[in-house]
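Asker: Got a predicted model here, sequence first, then my questions.
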Amino acid sequence: TQLLEQSPQFLSIQEGENLTVYCNSSSVFSSLQWYRQEPGEGPVLLVTVVTGGEVKKLKRLTFQFGDARKDSSLHITAAQPGDTGLYLCAGELEYNFNKFYFGSGTKLNVKP
Amino acid sequence: DTGVSQNPRHKITKRGQNVTFRCDPISEHNRLYWYRQTLGQGPEFLTYFQNEAQLEKSRLLSDRFSAERPKGSFSTLEIQRTEQGDSAMYLCASSLDNRDNQPQHFGDGTRLSIL
């Protein structure tokens, strides 16, 4: 079993729709990162959240860290084809710094 | 900023052969990580270095795998006697000391295919 469970695994939506991706765990994390990865490339960092309840916005993307620092969500408003990609969450455990655990990813396809 | 550089980008080899990959991190980054990613999965941690010291190794890193970072700059990952199950994308990432939640910066990986 993975330490971080992401859902949904796959998401295919029309341009202009909203969506939310979830990243859940029973463990507490000192920080959590969201990445986007395109085929044949490495993951690119979108955001890092470190405080329980924290909300960060990056244009049409909104990231939230759960109050207990066990879960996170990524919400995309008015999705565009350029948002297509694999979205990964990765966490650093509270008592095991410097080792990052990744979720299995959400593959998003935004159709024009 | 040239980013994290990995080479080769692709490697195709026959089962049983040895392969070596190289990672050049961002120059001022003292931490370097190796991950393995298979299709449809997120990256799995293999090992990491603080400067030249290898501080942690995953159980995924069998005896056939060895990683080095001899001068605290570039790193190499060697796989001996490759098996078909070794086929994957091998990703390298670097960061500054992570006490302040410094982000990891990834290279574009080396895709290994074992025939």
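Answerer: Here it is on my side, so go on.
Asker: Ranking helices and strands of chain A by mean pLDDT, which lands last?
Answerer: Within chain A, no helix or strand scores below strand A:100-102, which has a mean of 91 by mean pLDDT, DSSP states H and E.
Asker: any idea how far residue A:97 is from residue B:90?
Answerer: In this view, residue B:90 and residue A:97 are 23 Å apart by C-beta to C-beta, to the nearest Å. (Each C-beta comes from the backbone N, C-alpha and C, glycine too.)
Asker: Contact partners for residue B:65?
Answerer: B:46, B:77, B:78, B:79, B:80 (C-beta atoms under 8 Å, 6 or more residues apart in numbering or on different chains).
Asker: hang on, I meant residue A:87
Answerer: So residue A:87 contacts A:6, A:21, A:34, A:35, A:36, A:37, A:74, A:105, A:106, A:107, A:108 (C-beta under 8 Å, 6+ apart).
Asker: May I ask you to confirm that residue A:32 is in contact with residue A:72?
Answerer: Yes - between residue A:32 and residue A:72 there is a contact under C-beta atoms under 8 Å: 5.0 Å.
Asker: Please, where are all the strands along the chain?
Answerer: Answering for chain A, as no chain was given. A:5-7, A:10-14, A:19-24, A:29-37, A:44-49, A:55-58, A:61-65, A:71-76, A:85-93, A:100-102, A:106-111 (DSSP state E).
Asker: meant chain B, my bad for not saying
Answerer: Here chain B has its strands, by DSSP E, at B:5-7, B:10-13, B:19-24, B:31-37, B:44-50, B:53-57, B:65-68, B:75-79, B:88-95, B:105-106, B:110-114.
Asker: between those, which gets the lowest average pLDDT?
Answerer: Lowest mean pLDDT within the strands of chain B: strand B:53-57, at a mean of 90.
Asker: Beta-bridge partners for the closest residue to residue A:19 other than its chain neighbours, please?
Answerer: Leaving aside its sequence neighbours, residue A:19 sits nearest to residue A:76 (C-beta to C-beta, 6 or more residues apart in numbering or on different chains; 5.2 Å). Beta-bridge pairing of residue A:76 under DSSP bridges involves residue A:19, residue A:61.
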